[in-house]
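Q: Quick check, what structure comes out for this input:
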Amino acid sequence: MVMLRDFLYLNTNMLSNYLATIDGFLEQEFDVSETEKGEKSGKVGIYAIEGNLSSETAKETKAKRTLTPPAQFQKLYEVLDSQEEIKHLGLFDEQFWNEIKKGDILEVEANIRTPSMFLQIEQIQGFSSLASLVQKFGTVVSDSDLNMLSGIGDLERVIQSKAIPVIFKVESITKYQFTAELSRNFIAGNTSDLQGEAYVFGKVQKILKKGEKIDVFSLIPDLESLQMNRQQRLALKSNKNKSKMKMSESVSGPAIVINPLAVYR
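A: The predicted structure follows:
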């Protein structure tokens, strides 16, 4: 059965590798033949007996069609599903969780989100330009706010070079968490689209047991590496801003790190 998917993310490099592994080659184009049939008729005479003679003629048209990435994904999905290689996580219990192994293919129906500070910086464009304009036109802004604008402008440039972290949970059993990193090269749309209900499809990269923890997102090392003055760092780390922006976020086990192939609705 074909599922119509609205892809938010599709890693076409990974998709090509998986298909080539299954088929032994990567099929990107295929030939399609269409045959049209018609009748050819004529008159035949044998002495005093006359009649009509008819025969079929065929016209064949050939064309090449390309397998688009969504079509390639559907093909991969059908192969894996027919071999019962996909574990569907929409409703599951502890026993099912304990059967998941590294390397398993999961399709997780979940609520996904990106860390709040990452999303806020992504959504606010042009902080560096804004800080320059404020200084140029002498708009009345406190020194701490001006320093914060300049600092966030620097962080914005850092964020643009990073993969997008996502955290997600299955609504029915929220004690289990999942996390993944999405390469920007394969995102369809904006980071703000990666919020809410969606399916995440990918391979289990790591399983965290209860008590284990992994950093999903942290700006602390970036703050230290940026050429910020002391006032800028204090402004970004101030109590006023801490309430709005978390500098780091982690996931604690039981949890699974997924190497994502696709995110879709």
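
Q: Please report phi then psi for T21.
A: Main-chain dihedrals, T21, degrees, to the nearest 10: phi -70, psi -40.

Q: Please disregard the earlier target; I meant G103.
A: Per degrees, to the nearest 10, the backbone of G103 is at phi 100, psi -10.

Q: Pretty sure it sits against I207.
A: No. Here G103 lies out of contact with I207, judged by Cβ atoms under 8 Å, at a distance of 10.4 Å. All C-beta atoms are positioned from the backbone trio N, CA, C, and that covers glycine.

Q: More neighbours: which of those two?
A: I207 (17 against 9; other Cβ atoms under 10 Å).

Q: List the contacts of the nearest residue to I121 once chain neighbours are set aside.
A: Residue nearest to I121 in three dimensions, not counting chain neighbours: I159, with 5.0 Å by Cβ to Cβ, 6 or more residues apart in numbering. I159 sits next to 118, 121-122 when contact means Cβ atoms under 8 Å, 6 or more residues apart in numbering.

Q: all helices of the chain, in order?
A: With DSSP state H, the ranges of helices along the chain come out as 12-23, 69-82, 94-98, 116-123, 127-137, 143-160, 220-225, 230-237, 239-242.

Q: Worst mean pLDDT among those helices?
A: Lowest mean pLDDT within the helices of the chain: helix 239-242, a mean of 46.

Q: Kindly provide the distance from the spatially closest residue to V2 that is not a sequence neighbour to I105.
A: Computed as Cβ to Cβ, 6+ apart, the closest residue to V2 that is not its neighbour in sequence is Q74, at 6.2 Å. According to Cβ to Cβ, to the nearest Å, Q74 stands 15 Å off from I105.

Q: Kindly report the same for A198.
A: A198 is 17 Å from I105, by Cβ to Cβ.

Q: and what of A20?
A: 16 Å.

Q: So those two - more neighbours on which side?
A: I105 (19 against 12).

Q: shouldn't that one be in contact with I258?
A: No. When contacts are counted by Cβ under 8 Å, I105 is not listed as touching I258 (9.8 Å).

Q: what is in contact with these two at once?
A: 202-204.

Q: In strands only, show me those.
A: Among the shared contacts of I105 and I258, DSSP state E puts 202-204 in strands.

Q: Could you single out the nearest of these to F92?
A: V204 (13.8 Å; Cβ to Cβ).

Q: Most neighbours of all the ones in strands among the shared contacts of I105 and I258, which one?
A: Result: G202 is most packed of these (other Cβ under 10 Å), 23 neighbours.

Q: partner residues bridging that residue?
A: L106, P260 (DSSP bridges).

Q: Can you verify my assumption that it contacts F178?
A: No. Here G202 does not reach F178: they are 9.5 Å apart, not a contact under Cβ under 8 Å.

Q: what do these two both touch?
A: I258.

Q: How far does stretch 111-120 stretch from one end to the other?
A: End-to-end distance for stretch 111-120, by Cα to Cα, to the nearest Å: 19 Å.

Q: Check which residues of stretch 85-92 are buried.
A: Going by neighbour count (16 or more other Cβ atoms under 10 Å), the buried part of stretch 85-92 is 87, 89, 92.

Q: correction: stretch 93-109
A: Per 16+ other Cβ under 10 Å, stretch 93-109 contains these buried residues: 100, 104-109.
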